[in-house]
Structures are given as C-alpha cells and as structure tokens.
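Chemist: coords below, sequence missing:
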Ligand SMILES: Cc1ncc(COP(=O)(O)O)c(C=O)c1O
C-alpha cells in the first residue's frame, strides 16, 4: 500500500508503522527502542552499515541502525510519520523546536550569507537570527511588516540563502501568505523555511504550498500534553539525508527515543485535538471580543482579523493560540492573571490544558521596547493557548478575572 495516498487521520495513527511492521515487531503499538546503540549481526555487517557514503550512494540512506545520535528505530517511525503528514520526503527528529531551527540554519549558512526573516517569530528564533548568527558573519534582514509582501520583495535577492516565516505567528497571530512567499523564494532561487508549530500538519501543510522546509516544535500540539521537549525538520529526502550525514550527528541534536515514543502516542489524537482546540479558541475569542474590558483580540478565526480570509484559504481550522489586549497596562494584565482560578500562567502553548502568559514580561522580555512595539507585543497584551477543556468553564474563569480589573 502506498502510504502517501492515505488520509492524515489514518497516517497520524499508523504512518511509518503499518500492518506489516506491527506484525513483524509483534507489537500493535510502536516499540520503544530506549537504547543508545544498536548491535550488528556480525563484524562484517557493522562494517557494511558504517560504509555510509556507499550506502547513501547506492540506497539513498543509512541501511541499519548505528547510534541514537544518528538514527534509532523509534525515531525512524516518528520521522516517517511526520514526513508523511507534512507531505515531505524525509524528516529529522530533534531535541527541541529550537534544535531543529538552529540545525537548519547551521547547515545552510556560512559567513557572508544573507537571510531574510519575519520579526513575528518566537523570540528565541528571532534572537538566533538577529543577534547570534550575525556574530558568525551572517547578515540578517528583518521584515517588520511580514503581512506586506512588498517588504519581502524589497529584501529578498539572489544572495538570500533562505527566508524564514512563522505562520500563524506567536503571539500576535500574523498570517503569512505561503504561496506568495514560496513564489518569491522560487523567483530568487532561494528557500522558504516555515515554522508550522502553531498550525500543525493537520491544519496547514506549507510544503504543498511551495515551501521548501518545515520545522515544528513537537513540544507543543504534536505531543500534546506538555510532557516532552522535541522538534522536527521536514523537507526533501535528499536534503534531510544530507543534514543527517554530518551536521545532525556533529551538533548532536537528536530527539530522545522516549520523547519520540510519547510523541507518537500524542500524534494519534492530533486531528481530534486540533478540531477541539480550534472550536474552543473561536468561542473564547468571540467572548473576549465582545467584552468591554478587552480592546482587541488577535485570532485568525475572527472575521475582524486582517489575515482571516487568507487563513481560511490556507488553513483547515485556526488552532488554539490567541492573544488579547486589555483595557489598561501591565498592572491590570498581572491582576487578570492572578485572578484566574482555572487557567495557569505558564509560557507554553499547544497542550490539552489551557495556559496564559504576559509575553512582554516573560517570553519576549529580552526584546527592546522598540522591537516589542514593532512586533505588536504591548504591555497590555496577554497570550492564551486554549486547551480542550469545556469552553464554558474557560469563559467563566476569564469573565470572573476580567471583572476584577
Ligand atoms: C512558534 C514556535 N516555534 C518554535 C518554538 C521553539 O520550540 P521548543 O520550545 O520546542 O524549542 C516555540 C516555543 O515556544 C514556538 O512557540
């Protein structure tokens, strides 16, 4: 059977581990290979597997398991499943989302290269691109208004090594036009890398819209319970194999097998969870939009969101993340957080349990006031990752807390 023809709802449960593999392993659930090393059949077999160059050339990849920093049977299933869901040729499982982002950057770049990145990205990605990589001679051009294609057009040239966009973005939920950005990348002979963490492959498949590489933080929706740190890098098979050959094993970014195993369990319910997240988030967003103590709500599912039509076109659902500006400043924002009785204050998103935070004083606190202002992360902004609890209970909790400010 050609797995590529299967529906994502089937793939999330058995992609990379179909009937044949489960019968062979005598295990319905994917086995956990919690081992650093993988013994060989003989000395000759070890020599043959280690002749990676010849194997890459002849078979296009490794022909046996060597060492978990390089490959591992459980990681293999997880990587195949994610690659199938994203529609990529291959995937690399990494120790965190940031490990996937830094791995692709370190693989692709050398001193003198140029990159163009959106300023609406998770703070660590933004700082990696705008502060750390320039120390190694990389020139980073930052797009301040990523919703305006003309800004990208002005900055992207034939010297651009890659473009990086996060959509929808954390925390103001900017929606990037993936087809237009991929077209621009193509026209300039460069690559488009997309952070698909907030949408997940159930809601959005950037590779199908022309992107070249997708990264995701597996710590979020994919694993789903906030129990593991993990990441994944997806792209064409040859590209992925090339990174695995050197940079992946040199930088030591591999995901822990137990984390891959938990993520496989998490993936099984991804479609159902994303539907419930999206449903709840829309209900909560509508409630907040109508509340007199709320100035503005950023959620792509709302008709008032500037990227709503685009989101409807390129996403199948709007996911869990929203942010809202309250009437007041930091003091009122803190008061609201401290008045909640159900929703914990935590810097996380994408787990079944709702969490809320004040981005300007936490995740984004290292940005300058000017950078915060440009990215729309104001002192009265709160970010809420809506879980899969009862929306009514969440709304009651928010209503109670809003009445205190
Ligand atoms: C959109 C997005 N991308 C990437 C990351 C980094 O992922 P990780 O925490 O797994 O390194 C995060 C983390 O918050 C994120 O929100």
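Modeler: Looks like it arrived, so ask away. Predicted model, so just to flag it, every value in this text is computed and none were measured.
Chemist: Residue 173 and residue 304 touch, don't they?
Modeler: No. Residue 173 is beyond contact range of residue 304, at 11.8 Å (criterion: Cβ atoms under 8 Å). (Each C-beta comes from the backbone N, C-alpha and C, glycine too.)
Chemist: So for the two, which sits in the more crowded spot?
Modeler: Here residue 173 and residue 304 are compared on neighbour count by other Cβ atoms under 10 Å; more neighbours surround residue 173, at 28 against 11.
Chemist: Can you give me the distance of that one to the ligand?
Modeler: For residue 173, the distance to the ligand equals 11 Å [Cβ to the nearest ligand atom, to the nearest Å].
Chemist: residues in contact with that residue?
Modeler: Residue 173 makes contact with 198, 298-300, 305, 307, 321-323 under the criterion Cβ atoms under 8 Å, 6 or more residues apart in numbering.
Chemist: Tell me the buried residues in stretch 66-76?
Modeler: When neighbours are counted by 16 or more other Cβ atoms under 10 Å, the buried residues of stretch 66-76 are found to be 66, 68, 70-76.
Chemist: Can you name the residue of the stretch 201-350 of the chain nearest the ligand?
Modeler: Of the residues in the stretch 201-350 of the chain, the one nearest the ligand is residue 217, at a distance of 3.1 Å by Cβ to the nearest ligand atom.
Chemist: mind checking how far the residue lying closest to that residue once chain neighbours are set aside is from residue 104?
Modeler: Nearest residue to residue 217 in three dimensions, chain neighbours excluded: residue 97, at 2.6 Å (Cβ to Cβ, 6 or more residues apart in numbering). Applying Cβ to Cβ, to the nearest Å, one obtains 11 Å for the distance of residue 97 from residue 104.
Chemist: Quickly list what's touching both of those two.
Modeler: Contact with both residue 97 and residue 104 is made by residues residue 215, according to Cβ under 8 Å, 6+ apart.
Chemist: and the stretch 201-350 of the chain, which of its residues are near the ligand?
Modeler: Proximity of the stretch 201-350 of the chain to the ligand, by Cβ under 6 Å from any ligand atom, involves residues 217, 219, 229, 231, 349.
Chemist: which stretch of helix or strand covers the second one?
Modeler: With the criterion set as DSSP states H and E, no secondary-structure element contains residue 219; it sits in neither a helix nor a strand.
Chemist: burial of it, as a residue count?
Modeler: For residue 219, the tally of surrounding residues (other Cβ under 10 Å) stands at 25.
Chemist: quick one, what contacts it?
Modeler: Remark: with contacts taken as Cβ under 8 Å, 6+ apart, residue 219 is in contact with 96-97, 226, 228-231, 348, 350.
Chemist: Out of those residues, list just those in strands.
Modeler: Judged by DSSP state E, the contacts of residue 219 include residue 231 as members of strands.
Chemist: so residue 215 sits right up against residue 201, yeah?
Modeler: No. In this structure, residue 215 sits apart from residue 201 without contact. The criterion is Cβ under 8 Å, and the distance is 12.0 Å.
Chemist: So which bits of stretch 20-31 are buried?
Modeler: By neighbour count on 16+ other Cβ under 10 Å, the buried set for stretch 20-31 is 21, 30-31.
Chemist: Same question for stretch 218-232.
Modeler: Buried positions in stretch 218-232, judged by neighbour count with 16+ other Cβ under 10 Å: 218-224, 226, 228-232.
Chemist: Farthest pair within the residues you listed?
Modeler: Put simply, by Cβ to Cβ the two of those set farthest apart are 226 and 232, 17.0 Å from each other.
Chemist: For the residue of the stretch 51-200 of the chain found nearest the ligand, report the pLDDT, please.
Modeler: Closest approach of the stretch 51-200 of the chain to the ligand (Cβ to the nearest ligand atom) occurs at residue 97, with a separation of 2.4 Å. pLDDT recorded at residue 97 is 98.
Chemist: average pLDDT across the longest helix seen in the chain?
Modeler: Once the chain is assigned using DSSP state H, the helix that runs over the most residues is helix 270-289. Mean per-residue pLDDT for helix 270-289: 98.
Chemist: Going along the chain, name the helices of the stretch 101-250 of the chain.
Modeler: For the stretch 101-250 of the chain, the helices defined by DSSP state H, counting those that start in this stretch cover 123-127, 149-155, 178-187, 200-203, 237-245, 247-251.
Chemist: just how off-centre is the shortest one within its chain?
Modeler: The chain centre lies 10 Å from the centre of helix 200-203; the measure is Cα atoms, centre = their mean, to the nearest Å.
Chemist: by contact count, what packs against it?
Modeler: Counting by 3 or more Cβ pairs under 8 Å, 6 or more residues apart in numbering; DSSP states H and E, the packing neighbours recorded for helix 200-203 are helix 8-14, helix 73-86, strand 213-217, helix 270-289.
Chemist: So which residues make contact with that helix?
Modeler: The contact list for helix 200-203, computed with Cβ under 8 Å, 6+ apart, reads 8, 12, 82, 85-87, 214, 216, 221-222, 270-271, 274, 278, 315-319.
Chemist: Format the contacts of residue 173 as JSON lines; extra columns: distance to residue 163, neighbour count and pLDDT.
Modeler: Converted to JSON lines, the contacts of residue 173 look like this (distance: Cβ to Cβ, whole Å; neighbours: other Cβ atoms under 10 Å; pLDDT from 0 to 100):
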{"residue": "198", "distance to residue 163": "18", "neighbour count": "28", "pLDDT": "98"}
{"residue": "298", "distance to residue 163": "23", "neighbour count": "24", "pLDDT": "98"}
{"residue": "299", "distance to residue 163": "25", "neighbour count": "27", "pLDDT": "98"}
{"residue": "300", "distance to residue 163": "21", "neighbour count": "29", "pLDDT": "98"}
{"residue": "305", "distance to residue 163": "23", "neighbour count": "21", "pLDDT": "97"}
{"residue": "307", "distance to residue 163": "18", "neighbour count": "21", "pLDDT": "96"}
{"residue": "321", "distance to residue 163": "22", "neighbour count": "27", "pLDDT": "98"}
{"residue": "322", "distance to residue 163": "26", "neighbour count": "28", "pLDDT": "98"}
{"residue": "323", "distance to residue 163": "24", "neighbour count": "25", "pLDDT": "98"}
